[in-house]
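Chemist: how does the following fold in three dimensions:
(chains A and B)
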Amino acid sequence: MSLLYTALDDIPKIHATAQKAFLAGKTKSIAFRKKQIAQVGYMVKDNEQRFKDAMKADLGRPYLETEFVDFLIIYGEARQAYDNIEKWAQEQSPDFSLNWFFMRPRLKAEPKGTVLVIAPFNYPLFLLLVPLISAIAGGNAAVLKPPEHTPVFSALLAELLPQYLDPELYHVINGAIPETTKILEFQWDHIMYTGNTRVGRIIAEAAAKHLTPLTLELGGKNPVVVDPKVDLTMTARRVLWGRMSNAGQICLAPEYVLVPEEAQEALVAAFREAYHSFYPEGPKDSASFGRIVNEAHAARLQKLIDETKGTIEFGGDVDVSGKYVAPTLVSNARGDDSLMSEEIFGPVLVVIPVKDVDEAIAFVRAREYPLGIYIFSYDKKFQDRVIENTQSGAVMINDTLITVAAPGLPVGGKGSSGYGYYTSKYGFDQFVHMRVSINNPSWIDKFAFWFRFPPYTEKGAKQLRVLETKLPPRPDAPNTSYSTALAFLFAAAVAGVSSVAFLRSSGRM
Amino acid sequence: MPTRTNPGAALMSTPPFYTPLDAIPKIHEKSWEAWRSGKTKSIVWRKRQIAQVGYLLKDNEERIKEALRIDLGRHDLETDFFDFAGVYIDIRTSYDNAEKWTKKQRAEFNLNFFAMSPKLRAEPKGVVLIIAPFNFPVYLILSPLVGAIAAGNAAVIKPSEKTPTYCALLAELVPKYLDPELYHVINGGVPETTSVLELRWSHIFYIGNAQVARIISQAAAKHLTPLTLELGSQNPVVVDPKCDLRNAARRILWGRFSNAGQICLCPEYVLVPEDFQNTLVEALKQVYHDFYPEGPEKSDSFSRIISGVHVERLQNLITATKGTIVFGGDSDVSKRYFAPTLVRNVRTDDPLMEEEIFGPILMIVPTKSIDEAIDFINSRGEPLVIYVFSPDKKFQDKVFENTTSGAAVANETCISAGVPGLPMGGIGASGHGYFTGKFMFDEFTHLRVSLDNPSWVDKIAFGFRYPPYAPSKMLHALMPPLPPRPGEEPTPLGRWGPWLAAAVAVAASVTFTGPSQRVWSWFDVQASTNAIST
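Modeler: All right, here's what the predicted structure looks like:
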């Protein structure tokens, strides 16, 4: 299917329409926002089958994966935003402070304006609609740019969005590089981009011209660190599930496993067992295994597999024209392997033997910060050792991927895996500006702040010093609270001793 | 802030306090190494460093004030009020709250996920860069530094080369008071800053003007570095004729003439109804004479302009204006003096309205109505702050609700920056991200989420996720219910209806079937009312 692209000439009009609708103030009403949020939910709910079929057509993705990742999270986000928006958008007061209380300091979450959301092909439904819910909750107008690599889905979204949502405020622009380039010429009030670092840089440079704030959710090579004392069957199932879902095309998917050399064989055997239980009739005929988004990516994966110096334990076969890459396990890989040269973003799991946990940590530290680090261990010390000595967007212990679905936990990268947050209140905060306000009565100047007006006087300087915030204790000075306590104890002791002495001397003891 | 650079700067030899270019990558490397060592993980350690920033200031107050007298011709009281007070507040707030801010937080309770103990931990971003302008070189450098330390980062600070005395002093004091491996000062001009920006930082915190902000953003884009940008703007004042006139005049002129108008939060122009312009001008004149009874040039309560070049820039603006000068307008380049100036009858297209003035010139722009004033504001870039002087809540709301700005301040100027718990932050043309307090701490922090999922969870709830896939009732049970469909929201009676029905049914079952069946019939009713409501 070929996707109908938005005409280049229409792009400036869409931007202008969205901006105008935002400035008209329609989104100020919280009731209006709630209706639109609910409508996002019903747009999906009423068309679940069509969305599942679209993802099946575009990515060969099994229905259950669309239900679990896309629907579950979108409904949860819609519900959470709907139920909390009054609280999130409510005017707040800072902590009470005597000097400033009378100025009535307040903070209010106001919309940033007209925002742009660009999402990749792997989870376009989730990655467009969850930010859309946050943007609506924040009171913004929004333009969505779905990926051109998922034509069935992108056409469906362009068809449904205007049916369910306000057609002036919320828009879909479809297209490829020329359309995206055009979109990026405009001044947006925020851009949320999910994708890869290369495009991330292009978007950041376009945003820099307009000083537009950004949220960047980028991938990364997410490591798994395995403690050999863990239940290897559970480990293998959860890691393989995370790697093979959506045929490995998940930014949070585990990409490589660091395991002590002596445990590699047992772990590989556990992976084999999980693999056979997942695809009893072989993955190619399984209804539970997806396809690669396009032939180019299938060919890229084939090349990476062909060049590996590791041992292919299972899989490795590729059918480029069928966009099929078999679930593949490669063991005995090294840090300089072809499979370690870039984010794989496909169903290939790499096992790298290491001496011990310290070598595993050093291996992770030598690379860019990943979006997620996975630790499989029951040992709190082992877990903490890895967590405290590494950097990453998220940490998961004894599971993979699932933080995304946990309500109240944002998704967000660090360093080359991006910055800013997705989902829940954190997603909302990306799309709002905290506008502060005070209202200072005239009489304050009679009591407190009169000294600020010229001509400056010595009396004024003294008054200012009265208001000065006290510093914390000097770090190298003797600890005063401790010495006060000692003095008190000493005094108490002296009092005790002397009273005993007094009582004795007076013959009462 | 003004966008011109000093054309003569390139001709001058490098001042002695500048950091040698080849030392810059070494400082960067050293900071990373120190940060990776994990020294900043201890909260106790961070608190000591935060306190040390305070004592760096306290022990050297006199020297710092003297430096700013030299660099900015500024009265000590302004340094106390605008520079020291803000840092002391941030030191105290960060010191007292460091444990709270960095404590592991649990995500809100959710039945499906609580067994996985989802948590968030505030972790440092890494090695951050702080670049600040000349106008408040203590506050705008050291408050962000306190935020960066509290969050556990290493930091490199780059003060403005336009305050050379202060720069040299800071470079001397920072290594004496703070950990010399983690915290560094880099001094220099354009070549040094360019070299700094080639390196990869975990966050860049920039305060200054939009032109430089674009350069910094471009450099940051190459490394995908997150940014905080605090930019100046032409901040409007909207005056309601019903306001407390003397108060308005005092607070506006104070905000405009403090630090000789070199404040990013300064009121720059006043929108006033045409027929009220005379009254306001008279009040401003009166206050002007109160402030500088012997004239501003002799007054020690009026600061100087940062450089002769900027005095010339202001001169050119004043020469070009088509407005009427009420007072001031005179200047002395050699003394870096520019008089406090009031210009009335300024129109939209006046040269004074083209860029941020960043000097002691206040413009009065007469308008026909409040709507015209609002349109005037909205036709320009989003300001850092909008000021309204009016006792009338409706008047205030009308302006604030129909405009966009970093802050919305009624009956006051500038002071919102110092209020604890209120961050400073722009929107659109005035930047993004926040300065001061917990909000600033968040700029320097990454919230790292974590969970720990026990094996048994798969047996009870999440087993359906593994291939081979089969239709799963459990997955459908986990699906959060959507909000009511718009147009079908329950009426107040509708919401209580099922409960009312349940109450009636329970009462009926008690009456007719006796207590032994109560519980079961209650469940039946629940099931049936649930069916109704979904």
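
Chemist: what about residue A:359, helix or strand, and which?
Modeler: Using DSSP states H and E, residue A:359 falls within helix A:357-365.

Chemist: wait, does stretch A:173-181 contact chain B?
Modeler: No: Stretch A:173-181 is not in contact with chain B by C-beta under 8 Å from any C-beta of the partner chain; minimum separation 15.6 Å. Every residue, glycine included, has its C-beta placed from N, CA and C.

Chemist: equivalent analysis for stretch A:382-396, please.
Modeler: Yes: using C-beta under 8 Å from any C-beta, stretch A:382-396 comes into contact with chain B via A:383, A:387-389, A:391-396.

Chemist: buried residues in the helix holding residue A:359, which are they?
Modeler: A:357, A:360-361, A:363-364 (16 or more other C-beta atoms under 10 Å in any protein chain shown).

Chemist: can you tell me the closest non-neighbouring residue to the residue of chain B found nearest chain A?
Modeler: Across chain B, the shortest distance to chain A (C-beta to the nearest C-beta) belongs to residue B:421, at 2.3 Å. Using C-beta to C-beta, 6 or more residues apart in numbering or on different chains and skipping residues adjacent in sequence, the residue nearest residue B:421 is residue A:94, 2.3 Å away.

Chemist: same question, residue B:183
Modeler: Leaving aside its sequence neighbours, residue B:183 sits nearest to residue B:155 (C-beta to C-beta, 6+ apart; 5.5 Å).

Chemist: list the helices and strands the helix or strand where the one you found lies packs on?
Modeler: Using DSSP H and E, the element containing residue B:155 is strand B:154-158. Under the contact criterion of 3 or more C-beta pairs under 8 Å, 6 or more residues apart in numbering or on different chains; DSSP states H and E, strand B:154-158 touches helix B:23-36, strand B:127-131, helix B:139-150, strand B:183-185, helix B:190-198.

Chemist: rounded mean pLDDT for that strand, please.
Modeler: Regarding strand B:154-158, the rounded mean pLDDT is 98.

Chemist: what's the answer for stretch B:120-130, then?
Modeler: On average, stretch B:120-130 scores 97.

Chemist: for it, C-alpha coordinates in PDB please.
Modeler: The C-alpha trace of stretch B:120-130 is given here as PDB (Å, rounded to 0.1, in the frame of the first residue of the first chain):
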ATOM      1  CA  LEU B 120      12.300   6.500  40.800                       C
ATOM      2  CA  ARG B 121      15.800   7.800  41.800                       C
ATOM      3  CA  ALA B 122      17.100  11.200  41.100                       C
ATOM      4  CA  GLU B 123      20.500  10.600  39.600                       C
ATOM      5  CA  PRO B 124      23.000  13.300  38.400                       C
ATOM      6  CA  LYS B 125      23.300  13.900  34.700                       C
ATOM      7  CA  GLY B 126      27.100  14.000  34.800                       C
ATOM      8  CA  VAL B 127      29.400  16.900  34.000                       C
ATOM      9  CA  VAL B 128      27.500  20.100  33.400                       C
ATOM     10  CA  LEU B 129      28.400  23.500  31.900                       C
ATOM     11  CA  ILE B 130      27.100  26.800  33.300                       C
END
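
Chemist: got the contact list for the residue nearest the centre of chain A?
Modeler: Taking C-alpha atoms, centre = their mean, the centroid of chain A lies closest to residue A:411, which sits 1.9 Å from it. Residue A:411 sits next to A:217, A:252, A:371, A:393-394, A:403-404, A:421-423, B:449 when contact means C-beta atoms under 8 Å, 6 or more residues apart in numbering or on different chains.

Chemist: of these, closest to residue B:479?
Modeler: residue A:404 (15.7 Å; C-beta to C-beta).

Chemist: pretty sure the closest one is touching residue A:73, no?
Modeler: Yes: counting by C-beta atoms under 8 Å, residue A:404 does reach residue A:73; the two are 6.7 Å apart.

Chemist: mutual contacts of the two, please.
Modeler: In contact with both residue A:404 and residue A:73: residue A:423, using C-beta under 8 Å, 6+ apart.

Chemist: what residues are up against residue B:87?
Modeler: Applying C-beta under 8 Å, 6+ apart, we find residue B:87 in contact with B:53-54, B:57, B:138-139, B:142-143, B:146.

Chemist: can you tell me which two in the residues you listed are farthest apart?
Modeler: Farthest-apart pair in these is B:54 and B:139; separation 13.1 Å (C-beta to C-beta).

Chemist: where does the nearest residue to residue A:143 once chain neighbours are set aside fall, helix, sheet strand or coil?
Modeler: The shortest distance from residue A:143 to any non-neighbouring residue, by C-beta to C-beta, 6+ apart, is to residue A:171 (4.8 Å). What DSSP: H, G, I helix; E, B strand; the rest coil gives for residue A:171 is strand.

Chemist: residue A:171 reaches residue A:21, doesn't it?
Modeler: No: using C-beta under 8 Å, residue A:171 makes no contact with residue A:21, being 9.6 Å away.

Chemist: more neighbours, the two?
Modeler: Neighbour count, other C-beta atoms under 10 Å in any protein chain shown: between residue A:171 and residue A:21, residue A:171 has more, with 27 against 19.

Chemist: contacting residues around the more buried one?
Modeler: Residue A:171 makes contact with A:14, A:17-18, A:142-144, A:161 under the criterion C-beta under 8 Å, 6+ apart.

Chemist: all strands for the stretch 151-300 of chain A, in order.
Modeler: Here the stretch 151-300 of chain A has its strands, by DSSP state E, counting those that start in this stretch, at A:170-172, A:190-195, A:214-218, A:222-226, A:254-260.

Chemist: could you dump those strands to TSV with distance to residue A:266 and mean pLDDT?
Modeler: Shown next, in TSV, are the strands of the stretch 151-300 of chain A (distance: least, C-beta to C-beta, whole Å; pLDDT from 0 to 100):
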stretch	distance to residue A:266	mean pLDDT
strand A:170-172	50	98
strand A:190-195	37	97
strand A:214-218	34	97
strand A:222-226	10	98
strand A:254-260	9	98
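
Chemist: quick one: which of those is nearest residue B:275?
Modeler: Here strand A:190-195 is closest among the strands of the stretch 151-300 of chain A (C-beta to C-beta), at 41.5 Å.

Chemist: what angle separates the closest one from strand A:214-218?
Modeler: Interaxial angle of strand A:190-195 relative to strand A:214-218 (axes from the mean of the first three to the mean of the last three C-alpha atoms, to 10 degrees): 10 degrees.

Chemist: what comes up buried for strand A:190-195?
Modeler: Residues A:190-195 are the ones in strand A:190-195 that count as buried (16+ other C-beta under 10 Å).

Chemist: tell me which stretches of the stretch 301-450 of chain B form strands.
Modeler: Using DSSP E, counting those that start in this stretch, strands in the stretch 301-450 of chain B cover B:324-327, B:331-332, B:337-338, B:341-344, B:361-367, B:385-389, B:407-410, B:431-432, B:445-452.

Chemist: now tabulate these in CSV and tack on distance to residue B:97 and mean pLDDT.
Modeler: Shown next, in CSV, are the strands of the stretch 301-450 of chain B (distance: least, C-beta to C-beta, whole Å; pLDDT from 0 to 100):
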stretch, distance to residue B:97, mean pLDDT
strand B:324-327, 46, 98
strand B:331-332, 46, 97
strand B:337-338, 41, 98
strand B:341-344, 43, 98
strand B:361-367, 38, 98
strand B:385-389, 26, 98
strand B:407-410, 22, 97
strand B:431-432, 24, 97
strand B:445-452, 13, 96
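
Chemist: any chance of CSV for those strands, columns mean neighbour count?
Modeler: As requested, these are exported to CSV (neighbours: other C-beta atoms under 10 Å in any protein chain shown):
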stretch, mean neighbour count
strand B:324-327, 16
strand B:331-332, 17
strand B:337-338, 24
strand B:341-344, 24
strand B:361-367, 24
strand B:385-389, 29
strand B:407-410, 27
strand B:431-432, 26
strand B:445-452, 23
